[in-house]
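Engineer: take a look and give me a structure for this.
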Amino acid sequence: MGDSLTTVKELKDKVQKFCEERDWNQFHNPKDLAIGVSTEASELLDIFRFKRDEDIKEIISDPIKRQAVGDELADVLYFLLRFAQMNDFDLSEELNRKLEKNNKNYPVEKSKGSNKKYNGL
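Structural biologist: Numbers count the residues shown, from 1 in each chain. Got it, this is the predicted structure:
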């Protein structure tokens, strides 16, 4: 099941089943799930901390190191999906809403090729 064949709902359902089989609902309040997102994102960041561009290319191309990156990506996604599932967020709707907001904050004619924050454009 690749990205092109899987829906967000299917992923949320898979995470829900995994957690409910283990009776983990009791541990998955919004605060703890948000901490999980942050913790796992920090673990992903740690892989790349203090690395040069050449090091990063090597990490992405080396199968074992790439798998470590994939594990951390999966952990971040797991917590995002679980947060959304437990708190009834439609991630597709939220992403579309946020992209519309960002489209106003980062109009193409001002932001193309720039990494400045919207208040600095």
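Engineer: what is the burial count for the closest residue to His28 other than its chain neighbours?
Structural biologist: For His28, ignoring the flanking residues on the chain, the nearest one in space by Cβ to Cβ, 6 or more residues apart in numbering is Met86 at 5.3 Å. Quick note: C-beta positions are derived from backbone N, CA and C, even for glycine. Residues near Met86, counting by other Cβ atoms under 10 Å, number 17.
Engineer: so Met86 versus Lys9, what's the distance?
Structural biologist: 14 Å (Cβ to Cβ, to the nearest Å).
Engineer: again, but for Leu77
Structural biologist: 14 Å.
Engineer: for this protein, just list every one of the helices.
Structural biologist: For the chain, the helices defined by DSSP state H cover 8-21, 30-48, 53-61, 63-86, 91-105, 108-111.
Engineer: which residues does the residue nearest to His28 contact?
Structural biologist: 25, 28, 30, 33 (Cβ atoms under 8 Å, 6 or more residues apart in numbering).
Engineer: next one, pLDDT for the residue lying farthest from the centre of the chain please.
Structural biologist: Relative to the centre of the chain, the most outlying C-alpha is that of Glu109, 28.0 Å out, by Cα atoms, centre = their mean. Listed pLDDT for Glu109 reads 91.
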